[in-house]
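*Asks:* let's see this in three dimensions:
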Amino acid sequence: MESEVGRESLGLSEENFVIGSVGRLHPQKNYPLLLKSFALVNRDFPQTRLVIVGVGSQEGMLKSLAKDLGLRQKVIFVIGKQAYGYFPIFDIFVQSSNKEGLSIALLEAMSFCLPCVVTSPDCSHPVICDKKNGIITAIGNVGLLADSIKFLMQDRIFAKKIGEAGKKNVEHDFSDVSMVSAYKNIFSSFSNRQL
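*Replies:* So this is what the prediction gives:
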């Protein structure tokens, strides 16, 4: 497991509000949505920075888009590194995917008590319950995603509350014991159907 990364190693200061995202640089993850939303956030809050940790076929396109949006100095791409050490430098975590199953990156972010924003086609999510342990917003809506991020920036008490709720959910529902129990139930159900 890689050790924690310091903000200074990425040129970040304590004054920066860091929005983090982790995942493959792949069309399904819809990073253009995140970049365009971040442009709106940064226009109102210039101290914000976006850190994207991942690797994939869209790296060049996404870097070009960040430059075109005037965000060259505001977006940091961390390519080919283990993500775990970067979570502690994030202030919030955003997942802008078109479609997402049970995301390990999201569970890790929640385990760090980070307030999380995710996108969904129908406002449902396998892990996040809207306004309880995170925020769910519509897929593909640049303005709504930006507004959700700004809301968490401005209401730190609420952000802390949902971050803490998310951590509790992960500890309760996705601990080693809970996961083993869930797998046993799945296999038991499968075995019973085979009889």
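*Asks:* just the element for the closest residue in space to Phe38 that isn't next to it in sequence, please.
*Replies:* Excluding its sequence neighbours, the residue lying closest to Phe38 (Cβ to Cβ, 6 or more residues apart in numbering) is Leu50, at 4.7 Å. Just so you know, the C-beta spots here come from the backbone N, C-alpha and C atoms, and that holds for glycine as well. Under the criterion DSSP states H and E, the helix or strand holding Leu50 is strand 48-54.
*Asks:* which other helices and strands contact that strand?
*Replies:* Contacts defined by 3 or more Cβ pairs under 8 Å, 6 or more residues apart in numbering; DSSP states H and E place strand 48-54 against strand 17-22, helix 31-44, strand 75-79.
*Asks:* if you set the cut-off to 10 Å instead, what comes out?
*Replies:* Based on contacts counted as 3 or more Cβ pairs under 10 Å, 6 or more residues apart in numbering; DSSP states H and E, the elements that strand 48-54 packs against are strand 17-22, helix 31-44, helix 59-68, strand 75-79, strand 92-95, helix 142-154.
*Asks:* report the mean confidence score over the shortest one.
*Replies:* Think strand 92-95. For strand 92-95, mean pLDDT rounds to 98.
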